[in-house]
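1. show me how the following folds:
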Amino acid sequence: NLASRPIEVELEYRLVMADGSVKWIRDLKKSFANADGEMCYIEGVAEDITDRKNFDLNLKASENRYRFYFERNPVPMWVYRTNDLAFVEVNEAACCKYGYSEAEFLSMNIGQIRPESEMGKLRASINALQPGYHDSGIWQHHTKCGKQLYVHISSYTYILNQEKKALVLAHDVTQAQVSAQ
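-> This is a model prediction of the structure:
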């Protein structure tokens, strides 16, 4: 029976006003039909959602901008979970410097780019991390092809959704380290 089931439509559209300003409208409509299926009447409401829409658009632009800053940063960067050391995100510079694809990185943990001899020091360092900024000093890493790197690690540890993570910047200082030895 069509009379018992109204048809609902929700539209969102943009209006350009005479002065050039933009208004966003949310339009909700319900059409009701009689027993023969003929439309009898429409109920509706239009709402100015300009403020909310502008907020959403600005938030999306900000997210895109900061995503770009992370992905295109010329310094290798990654995010890892401190409980299992798994890579969660890596940037393009990390992939270029270390020789792993993003998918390869995301299947690994941060211990896999370090010599076995530093694993105890790494675990102790991570266990001591408190939320906030950290200058962790110089660490040894190795690339996919086995090349040894010395990197100065700075990080920011945070808790998000009850999960402790760290955002890491790995500045290559190999030339300075080798020259100093």
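2. just give the number of residues close to Asp27.
-> With neighbours defined by other C-beta atoms under 10 Å, the count for Asp27 comes to 14. For glycine as for every other residue, the C-beta is placed from the backbone atoms N, C-alpha and C.
3. now do the one 4 residues further on
-> Applying the criterion other C-beta under 10 Å, we find 14 residues in the vicinity of Ser31.
4. residues in contact with the biggest helix by length in the chain?
-> Using DSSP state H, we find that the single longest helix of the chain is helix 50-71. Residues outside helix 50-71 that contact it (C-beta atoms under 8 Å, 6 or more residues apart in numbering): 12, 22-24, 77, 89, 91-92.
5. hmm, 6 Å instead?
-> 23-24, 91-92 (C-beta atoms under 6 Å, 6 or more residues apart in numbering).
6. buried subset of those residues?
-> When the contacts of helix 50-71 are checked for burial by 16 or more other C-beta atoms under 10 Å, the buried set is 24, 91.
7. give me the below-cutoff pLDDT ranges for this protein.
-> Residue ranges of the chain with pLDDT under 70: 1-4, 178, 181.
8. what residue is smack in the middle of it?
-> Arg67 (6.2 Å; C-alpha atoms, centre = their mean).
9. mind listing what's buried along the helix or strand just after the longest helix of the chain?
-> Where DSSP states H and E defines the elements, the next helix or strand beyond helix 50-71 is strand 77-81. Using 16+ other C-beta under 10 Å as the test for burial, strand 77-81 gives 77-80.
10. how about stretch 121-134?
-> 122, 125-126, 134.
11. and if you look at stretch 148-157?
-> 149-155, 157.
12. out of these, which comes closest to Phe32?
-> Thr157 (57.2 Å; C-beta to C-beta).
13. just to revisit the earlier point, go through the buried residues of stretch 148-157 and flag which are in strands.
-> By the criterion of DSSP state E, membership of the buried residues of stretch 148-157 in strands covers 149-155, 157.
14. which stretches in this structure count as helices?
-> 50-71, 92-98, 102-106, 119-127, 174-180.
15. for the chain, identify the residue most remote from the centre.
-> Extreme point of the chain relative to centroid (C-alpha atoms, centre = their mean) is Asp36; 52.4 Å.
16. CA atoms only: put stretch 74-87 into PDB for me.
-> Extracted in PDB, the C-alpha atoms of stretch 74-87 (Å, rounded to 0.1, in the frame of the first residue of the first chain):
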ATOM      1  CA  PRO A  74      61.400  15.400   2.800                       C
ATOM      2  CA  VAL A  75      62.500  13.800   6.000                       C
ATOM      3  CA  PRO A  76      61.600  10.100   6.500                       C
ATOM      4  CA  MET A  77      58.600   9.900   8.900                       C
ATOM      5  CA  TRP A  78      56.400   7.200  10.300                       C
ATOM      6  CA  VAL A  79      53.900   6.400  13.000                       C
ATOM      7  CA  TYR A  80      54.100   3.200  14.900                       C
ATOM      8  CA  ARG A  81      52.200   1.600  17.800                       C
ATOM      9  CA  THR A  82      54.300   1.300  20.900                       C
ATOM     10  CA  ASN A  83      52.700  -1.900  22.100                       C
ATOM     11  CA  ASP A  84      53.700  -4.100  19.100                       C
ATOM     12  CA  LEU A  85      56.100  -1.600  17.300                       C
ATOM     13  CA  ALA A  86      54.100  -2.000  14.100                       C
ATOM     14  CA  PHE A  87      54.300   0.700  11.500                       C
END
